[in-house]
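Student: curious how this folds, go ahead:
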Amino acid sequence: MRLEVVCEDRLGIAQEVLVILVKHGINLKSIETDQKRNIFLNFPGLAFEDLQKLMPALRLINGVEDVRTVPYTPSERGHYELETLLRTLPDPVFSIDLKCRIVVANEAAAIALRLKTEKIVHGGLNQWVHGFSFQRWMEGDEVIAQAAKITMAGKTYLADILPIRVPDLEGQSILAGAVVVLKSVDRLGEQVTAFQRQSDDGFSRIFADSAHMKRVLSQARKMAQLDAPLLIHGETGTGKELLARACHEFSFRGDRPFIALNCASLPDNVAEHELFGFSANAFEGAGEGKRGVFEQANGGTVFLDEIGDMSEGLQVKFLRFLQDGSFRRVGAEEEVKVSVRVICATQKDLPAMVQQGEFREDLYYRLNVLNLRVPALRERKADIVPLAELFVARYSRQLGRPTPNLTKQCQDFVQQYPWPGNVRQLENSVYQAVSLLEGHEIDAEDLQLPSYSSGFGYYDDNFEGSLEEATKRFESNLLRRLYPAYPSTRQLARKLGVSHTAIANKLREYGINKKSINNT
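Tutor: Numbering: from 1, shown residues only. Below you'll find the predicted structure:
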C-alpha cells in the first residue's frame, strides 16, 4: 500500500506524519518526497481497517491538503522506468563503481556474455571487457566521456564510457562510477543505414531557418515528385546543384543516376560529345565511341548548370531531345531513346536573353515548366549566423580541434556583409578561419573577407596603378582563363561578343598562345 500526502512545504511536517504512524503502530517501508515536497509513504502491508483510521488522522495535520492512495512512489517509478529501459535496449550496458565492479548489467549484456545477470553483477568489468583501462581513466586528473574500441567475449564493440557524478554534502559534483554502453559493428551499421534511409532525403542537407528558404524547400519537395523539366535560378554559390540533387533523391528516380554537367565550362563540340555521346566513326581516335550523359543517366536525372551558356546549335539538338527523349550520337545514324528528367540552372536572366535573341524562346518555355529561385544569402539573413556556426563546427571536427565561438562583432559583421559569393563564399571563409585560428574565438578579421560594395563589387584599399593598367590586368587574366576552352580567335571572339580581329590583337599584346598557356 502506498499513500501520497499532498501538503505544504513546512519544517517538521514529515516528523508529525511519522508520529501518527508510531501512534497507530503502523510499520513503514520507506518515505520520500517529490519535487513539489509532497510526502509518499510505502507500507509493506496495511490492513484496510488501519487505512481507514490513518487517512483521517493524517488529514488533520496542519498544512496537509489531501491524502490519497497511489500505485507507486516516485522512486519506484524511476526504478521501473530504468529497468524497462535497460531491459529493452539491444546494446549491452554496464554501470560500474569506482573500483570497476559491476553494479548494474542489462539483459543484452548477459546475453552477450552468455551468463545470467546475477553472475555478472558484483564482478569486475575488466574480467570480461578488454582493451581499455577503466581504473586508470577514473583515476585520471580529468574524467570526461570517452569512446574506445574494446573486445568482449571475442567480439569487437565501440564503447561509450560516461562518468557518473553525484553531488556531495556541499553540493559539489564528485565521481561515483561510470556507465559503459557497447555497440557492435553490426548495430552501428544498422543505425547508420536507418538514419540515412529515414532522414537523409537530400533536403535534410540544406540548411533553412529563414522563412524565405523554408518556402523554397517546401516548393521544391512538391516539384521533386513531378517529372517535368525544372529550371532553378540563383546567383553563384547559392546551392543550385545541391537543391537539384535533393529534388532527384526525393523523386521516384532517386535510386537511379544523377549526372551533372556545366555548360559554361566546355566548348560547343566537347559539350555535344558529353551530352549525346559519339560513335566509333565520329572522328579519328574515337575508339569504340562513348555514351553521353543522357544515356548514362537513363532512368535518372541530368542536371545542366549554366544553361544560359549553351550555344545556339546545341540548343536546337537539346530542344529536339526534350520533345520526345530521342537523339543521335555524334557521327551515328541510329536514334537512341532514353527516359531522364532534366533539371537546369542558371544565374543569367533568360527572359532578357530571349528578348535579345541570345537564347531560343521555344527552348526557354520547354525548360521553364517548373521553376525555383534560390535566394541569395543576403536575402536570408536569419540563416547567416547559424550557417557560419554549422561550418565552424564541421571543420573543427575535421581538424580535430575544439569548436571556437563567433564573437558578437563577427556575428554582426557576417550579418551585414553582402556575400556576393553566397553560401560557398561563407563556407570557404569559415574553413580558412578555422584552419588558421590560434585562439578560441573567431573575430571578423579572422574571416579575411575582401571589402565589397553592393553595386560596385570588390575594391582594394591598397590599390595602386591607373585605370588603364587595372583594365589590362583584368583583360589579360580573363583571356588566359578562357583561352584553353576556346583556343581559336573566332571561338573566343564569339564567346566575348567582339570581332576576332580585336581578340587576335589582345592575344598578341598579352602574349597568350598555345605555347604560353601550356607552359603555365
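Student: residues contacting the spatially closest residue to Asn368 that is not a sequence neighbour?
Tutor: In space, and not counting its chain neighbours, Asn368 is closest to Leu231: 5.0 Å by Cβ to Cβ, 6 or more residues apart in numbering. Just so you know, the C-beta spots here come from the backbone N, C-alpha and C atoms, and that holds for glycine as well. For Leu231, the contacting residues are Ile307, Ile343, Cys344, Ala345, Thr346, Leu350, Leu367, Asn368, Val369, Leu370, Asn371, Leu372, by Cβ atoms under 8 Å, 6 or more residues apart in numbering.
Student: could you look up the SS state of Leu231?
Tutor: Following DSSP: H, G, I helix; E, B strand; the rest coil, we place Leu231 in the strand state.
Student: give me the pLDDT value at it.
Tutor: Looking at Leu231, its pLDDT reads 95.
Student: which of the contacts of Leu231 fall in strands?
Tutor: Ile343, Cys344, Ala345, Thr346, Leu370, Asn371, Leu372 (DSSP state E).
Student: and the fifth one, how far from Leu319?
Tutor: So that's Leu370. 17 Å (Cβ to Cβ, to the nearest Å).
Student: how about the third one?
Tutor: Going from Ala345 to Leu319 by Cβ to Cβ gives 18 Å.
Student: with neighbour numbers in mind, choose between the two.
Tutor: Ala345 (25 against 15; other Cβ atoms under 10 Å).
Student: please report how far that one lies from Asn505.
Tutor: On the measure of Cβ to Cβ, Ala345 and Asn505 end up 35 Å apart.
Student: distance of Leu188 relative to Glu475?
Tutor: Taking Cβ to Cβ, one finds Leu188 at 56 Å from Glu475.
Student: restrict the longest helix along the chain to CA atoms and write it as CSV.
Tutor: With secondary structure taken from DSSP state H, the chain has its longest helix at helix 381-399. The C-alpha coordinates for helix 381-399 follow below in CSV (Å, rounded to 0.1, in the frame of the first residue of the first chain):
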residue,chain,number,x,y,z
LYS,A,381,19.8,36.9,-43.1
ALA,A,382,18.3,34.6,-40.5
ASP,A,383,20.4,31.8,-41.9
ILE,A,384,23.8,33.5,-42.0
VAL,A,385,25.0,33.1,-38.4
PRO,A,386,23.6,29.6,-37.9
LEU,A,387,25.2,28.6,-41.2
ALA,A,388,28.5,30.1,-40.1
GLU,A,389,28.3,28.2,-36.8
LEU,A,390,27.4,25.0,-38.6
PHE,A,391,30.5,25.3,-40.8
VAL,A,392,32.7,26.2,-37.8
ALA,A,393,31.6,23.0,-36.0
ARG,A,394,32.0,20.9,-39.2
TYR,A,395,35.6,22.0,-39.9
SER,A,396,36.6,22.0,-36.3
ARG,A,397,35.6,18.3,-36.1
GLN,A,398,37.5,17.6,-39.3
LEU,A,399,40.6,19.3,-38.0
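Student: helices and strands around that helix, which ones?
Tutor: Under the contact criterion of 3 or more Cβ pairs under 8 Å, 6 or more residues apart in numbering; DSSP states H and E, helix 381-399 touches strand 405-406, helix 408-416, helix 422-436.
Student: can I get these in a markdown table with mean pLDDT?
Tutor: Listed next are the helices and strands packed on helix 381-399 as a markdown table, based on pLDDT from 0 to 100:
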| stretch | mean pLDDT |
| --- | --- |
| strand 405-406 | 92 |
| helix 408-416 | 92 |
| helix 422-436 | 93 |
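Student: need these in a markdown table (columns: distance to Leu28).
Tutor: Shown next, in a markdown table, are those (distance: least, Cβ to Cβ, whole Å):
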| stretch | distance to Leu28 |
| --- | --- |
| strand 405-406 | 53 |
| helix 408-416 | 57 |
| helix 422-436 | 60 |
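Student: residues contacting the host helix or strand of Leu162, please?
Tutor: For Leu162, the element it lies in under DSSP states H and E is strand 155-167. Identification of contacts with strand 155-167 by Cβ under 8 Å, 6+ apart yields 92, 95, 112, 129, 132, 134, 137-138, 143-151, 173-185, 188.
Student: tell me the mean pLDDT for the longest helix of the chain?
Tutor: Mean predicted lDDT for helix 381-399 stands at 91.
Student: about what we covered before: quick one: which of the helices and strands packed on helix 381-399 is nearest Leu492?
Tutor: Minimum separation from Leu492 across the helices and strands packed on helix 381-399 (Cβ to Cβ) falls at helix 422-436, 27.2 Å.
Student: buried residues, that closest one. List them.
Tutor: Neighbour-count burial for helix 422-436, with 16 or more other Cβ atoms under 10 Å as criterion, is recorded at Asn422, Val423, Gln425, Leu426, Glu427, Ser429, Val430, Tyr431, Ala433, Val434.
Student: on that earlier part again, ranking the contacts of Leu231 by neighbours, who comes first?
Tutor: Neighbour max across those (other Cβ under 10 Å) = Ile343, 30 neighbours.
Student: list the contacts for that residue?
Tutor: Applying Cβ under 8 Å, 6+ apart, we find Ile343 in contact with Pro229, Leu230, Leu231, Ile232, Ala244, Cys247, His248, Thr301, Val302, Phe303, Leu304.
Student: hmm, Val369 and the second one touching each other?
Tutor: It refers to Leu230. Yes: with contact defined as Cβ atoms under 8 Å, Leu230 reaches Val369; the gap is 7.5 Å.
Student: check the gap between the nearest residue to Glu361 once chain neighbours are set aside and Ser95 for me.
Tutor: What sits nearest to Glu361 in space, not counting adjacent residues and going by Cβ to Cβ, 6+ apart, is Val354, at 4.9 Å. Distance of Val354 to Ser95, given as Cβ to Cβ: 71 Å.
Student: between the two, which one's more packed in?
Tutor: Ser95 (21 against 16).
Student: how about the more buried one: what's its closest non-neighbour residue?
Tutor: Computed as Cβ to Cβ, 6+ apart, the closest residue to Ser95 that is not its neighbour in sequence is Val104, at 3.9 Å.
Student: am I right that that neighbour is in a strand?
Tutor: Yes: judged by three-state DSSP, Val104 forms part of a strand.
Student: now the strands for the stretch 1-150 of the chain?
Tutor: 2-7, 30-33, 39-42, 64-69, 93-96, 102-105, 129-130, 146-152 (DSSP state E, counting those that start in this stretch).
Student: give me the neighbour count for the closest residue in space to Met1 that isn't next to it in sequence.
Tutor: Ranked by Cβ to Cβ, 6+ apart and with sequence neighbours excluded, the top spatial neighbour of Met1 is Leu46, at 4.0 Å. The burial count assigned to Leu46 is 19, neighbours taken as other Cβ under 10 Å.
Student: identify the residues contacting Leu46.
Tutor: Met1, Ile26, Leu54.
Student: neighbour-wise, which of those leads?
Tutor: Leu54 (22 neighbours).
Student: can you give me the neighbour number for the nearest residue to it once chain neighbours are set aside?
Tutor: Spatial nearest neighbour of Leu54, excluding adjacent residues (Cβ to Cβ, 6+ apart): His24 at 5.9 Å. The number of residues packed near His24 is 11, by other Cβ under 10 Å.
Student: pLDDT at His24, what is it?
Tutor: On the pLDDT scale, His24 gets 87.
Student: likewise Asn126?
Tutor: Asn126 is given a pLDDT of 92.
Student: how about the one 5 residues further on?
Tutor: Predicted confidence (pLDDT) for Gly131: 93.
Student: name the nearest residue to it, sequence neighbours excluded.
Tutor: Closest to Gly131 by Cβ to Cβ, 6+ apart is Ile150, at 3.9 Å.
Student: His130 is in contact with that neighbour, correct?
Tutor: Yes: judged on Cβ under 8 Å, Ile150 makes contact with His130 at a distance of 6.4 Å.
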